[in-house]
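have a look at this fold, sequence not included:
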């Protein structure tokens, strides 16, 4: 008698094509007051391969954050000038955003903003972690506890092999406590581009991460845990793999002919920075493709079903 659990079948993902080619790749889709938005970390010219050195005295050189109203392709005013990386979380009509405390990559702290109109922002909390280097971050909620995932490359005793994911928790989105050091994801090998998801009635934390392959190739993958310590990897990873024919499709009418020429000529060895949201019964997927050296493109994909169904299918038949 065979008692082995049925092997899961990888959900069908439809790649819709490239929607941005301005090197803005740390993005998050989310629904706010019934409308679909895209949260963007604007790296500006200082964060492109053509100009890696920043002049922090110039406002135009500072990284910042903004939201894009997807239906109209209009941007909110930039905020959090001089802060980089970030993640939005919305609850009860309030938009919360966590971001790095510095303009440079590898911040040693976090800053928290909130707004009710995406225009006027209040900085309401902060965390200092001297000696730490923090990059991307995510927030999810389970049983009235908020969990904040941070991607780190230091300190060495917390990180292991850069990059690694660590966790903080809060009951009010304001006061955060660092979880014990054994609450960590993938300390022995590279893990980048984090995302974190939870669902009511499901005991698992689902973590999206970037797996490194030989010759500087990267692809989005997924794991899950009940305790943030012991991790189960999906047997049908990766979630997304780079593919010229699919990634380079034109997915937005707003792309210019120059944009399209740049897309066509670009090297593609990477699918990274995957983020999800559910909108009108469909799972919206944003991800980056490019060379992981500053030439990056934002693309969209979808799954015809809900987020929980989508993520759970990577582990259960």
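Yep, that arrived. Computed from a predicted model, the values in this text were never measured in an experiment.

pLDDT weak spots in this structure?
Across the chain, the ranges flagged by pLDDT under 70 are 1-5, 44-61.

hey, which helix is longest across it?
helix 257-265 (DSSP state H).

show which residues not belonging to that one make contact with it.
With contacts defined as Cβ atoms under 8 Å, 6 or more residues apart in numbering, helix 257-265 is touched by 18, 21, 248, 250, 255, 297. Bear in mind the C-beta positions are built from the backbone N, C-alpha and C, glycine included.

quick one, helices of the stretch 201-317 of the chain?
All helices of the stretch 201-317 of the chain, identified by DSSP state H, counting those that start in this stretch, fall at 244-247, 257-265, 307-312.

what's the shortest one packed up against?
Applying 3 or more Cβ pairs under 8 Å, 6 or more residues apart in numbering; DSSP states H and E, one finds that helix 244-247 makes contact with strand 14-20.

and the strand it packs on, which residues are buried?
The neighbour-count check on strand 14-20 (16 or more other Cβ atoms under 10 Å) flags 15-20 as buried.

and residue 205, what does it touch?
Residue 205 neighbours (Cβ under 8 Å, 6+ apart): 140, 142, 147, 196-198, 224-226, 228.

same question, residue 105
84-85, 133, 135.

and which of these is nearest residue 157?
The nearest member of the contacts of residue 105 to residue 157, counting by Cβ to Cβ, is residue 133 at 13.0 Å.

my read: the closest one touches residue 152, true?
Yes: counting by Cβ atoms under 8 Å, residue 133 touches residue 152, with 6.0 Å between them.

show me the two of the buried residues of strand 14-20 that sit farthest apart.
Pairwise over those, using Cβ to Cβ, the maximum falls at 15 and 20, 14.8 Å.

what's the closest of the helices of the stretch 201-317 of the chain to residue 40?
helix 257-265 (16.4 Å).

so for that closest one, what gets flagged as buried?
Applying 16+ other Cβ under 10 Å to helix 257-265 flags 259, 262-263 as buried.

hmm, who's touching stretch 273-280?
With contact meaning Cβ under 8 Å, 6+ apart, stretch 273-280 is reached by 25-31, 36, 136, 193, 195, 197, 208, 210, 220, 239-240, 283-288, 306-307, 310-311.
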